[in-house]
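Enquirer: sequence and predicted model, in that order:
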Amino acid sequence: MTGRSAAVVRSALCASLAVVRGEVRFDEPLARYTSMKIGGPADALVVPADEEDLRAVVRAARAARAPILVLGGTNVVVRDGGVAGVVIRLSALKAIRPAGPNRLYAEAGTLFPTLSHAAKDAGLAGLEFACGIPGTVGGAIVMNAGTQDGEIADVLDRVRLMTPQGEIVEIPASKLGFRYRGSHLPPGILLGATVVLKSGRVEAIDARMQEILAYRRRTQPLHLPNAGCIFKNPPHQSAGRLIDDLGLKGHRIGAVQVSERHANFMVNIGGGTAKELAALIRHVGRRVERERAITLELEVRLVGRA
Ligand code: EPU
């Protein structure tokens, strides 16, 4: 995008996105679509109607030489300057269907808890851990989302992905380079995933899910906008406990605060900015480094212009 003014990019995008059937909004504030309720505007925000339409968006962005960012909206912090190019939300791609013995296929925009509940209703065990994880299936795969009870890599069979050229490929989970809260996906856009589960009793699955949800409600600040855990847990340690032990619960910069309930959460208490969040992350990271000699690694991703 170097050398081209924002206005030139904008008018190129306007022209090339005209073919899209789904929703297209220019200069759309992203705070509406992030769980932290923070984030400047996208040059263009697009919600493709289906896979075919997504292909049209990918081609349109290429034609306008605009970058693409797929936004799940949880575990990601959009900076205050917003995002250049095309931001895609896959919220219209949310079908779930049976995909063979003990298997379900979910489109990438499906909410992870919705998939967890669908598995329970089908008498399939293995996704109980996901019932309280906010975010989409696509986002969960990119992050290898999970809890102490499991992570998506444990139950993933394969994914479908649209390459930057617009082709659709299937990739087995073993090729996705999963690690703790991370993966190594080839370039492209995730379209959906097949999970392979075990048959189980609906009542037993439901009981476990209720326990998980109750634990979350008790220990996490679900009542305030947040981006999930801010830092990854260092090996054999809990980032939350480390931060808590330093007395940082409740520490606030502007309108962003270390949660009083769980120290690895930062909450937006109303009108917070990405700048404030970044400053709080730096402050907490430095204290832990100085006083515990541990470098905390970020779990959330910061995207966009400062
Ligand atoms: N703890 C404290 N103070 C705190 C927070 C935690 O002392 O402020 C202690 C707890 O009492 C507990 C231990 O630290 O003994 C671990 O806490 P918790 O059970 O809350 O788990 P966690 O390791 O902090 C992980 C995941 C969460 C997931 C929970 C519940 C990571 C980075 N975090 O948190 O995932 O919800 O387990 O299963 O892996 C996320 O990834 O975004 C996320 C929220």
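Expert: Thanks, I have the structure now.

Enquirer: show me the helices in the stretch 1-150 of the chain, by range?
Expert: Under the criterion DSSP state H, counting those that start in this stretch, helices of the stretch 1-150 of the chain are mapped to 6-16, 51-63, 112-121, 137-143.

Enquirer: hmm, the last one touching the ligand?
Expert: No. Judged by C-beta under 6 Å from any ligand atom, helix 137-143 stays clear of the ligand, getting no closer than 7.7 Å. In this view, the C-beta of every residue, glycine as well, is placed from N, C-alpha and C.

Enquirer: quick one: mean pLDDT over that helix.
Expert: In this model, helix 137-143 has a mean pLDDT of 97.

Enquirer: still on that earlier bit, mean neighbour count added to the helices of the stretch 1-150 of the chain, as TSV?
Expert: Shown next, in TSV, are the helices of the stretch 1-150 of the chain (neighbours: other C-beta atoms under 10 Å):
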stretch	mean neighbour count
helix 6-16	15
helix 51-63	19
helix 112-121	20
helix 137-143	26
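
Enquirer: what's the least confident stretch among those?
Expert: helix 6-16 (a mean of 85).

Enquirer: which residues sit against that helix?
Expert: Helix 6-16 is contacted by residues 1, 26, 43-44, 59-61, 63-66, 84-86 when judged by C-beta atoms under 8 Å, 6 or more residues apart in numbering.

Enquirer: residues in contact with the residue lying closest to Phe178 once chain neighbours are set aside?
Expert: Counting by C-beta to C-beta, 6 or more residues apart in numbering, Phe178 lies nearest to Ala153, which is 3.8 Å off, once chain neighbours are set aside. Contacts for Ala153 were tallied using C-beta under 8 Å, 6+ apart; they are 144, 146, 173, 176, 178, 183.

Enquirer: cool, Val83 as well?
Expert: 30, 39-43, 69, 71, 303-305.

Enquirer: want to throw those residues into CSV with pLDDT and distance to the ligand?
Expert: Formatted as CSV, those follow (pLDDT from 0 to 100; distance: C-beta to the nearest ligand atom, whole Å):
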residue, pLDDT, distance to the ligand
Leu30, 97, 19
Gly39, 97, 18
Gly40, 97, 23
Pro41, 97, 26
Ala42, 96, 24
Asp43, 95, 28
Leu69, 97, 20
Leu71, 97, 17
Val303, 97, 17
Gly304, 96, 20
Arg305, 93, 25
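
Enquirer: walk me through the domains of this structure.
Expert: The chain resolves into domains spanning 6-88, 96-218, 222-303 when parsed by automatic domain parsing.

Enquirer: residues of the chain that sit close to the ligand?
Expert: Contacts of the chain with the ligand, taken as C-beta under 6 Å from any ligand atom, map to 75, 147-148, 219, 228-229, 232-233, 238, 240-241, 244, 262-264, 299.

Enquirer: again, only this time at 8 Å
Expert: Contacts of the chain with the ligand, taken as C-beta under 8 Å from any ligand atom, map to 75, 129, 132-133, 143, 145-149, 180-181, 212, 215-216, 219-220, 227-229, 231-233, 238-241, 243-245, 249, 259, 261-265, 299-300.

Enquirer: buried members of these into PyMOL, please.
Expert: The buried residues among the residues of the chain next to the ligand can be selected in PyMOL (16 or more other C-beta atoms under 10 Å) with this line:
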select buried, resi 75+129+132+133+143+145+146+147+181+212+220+227+228+229+231+232+233+238+239+240+243+244+249+259+261+262+263+264+265+299+300
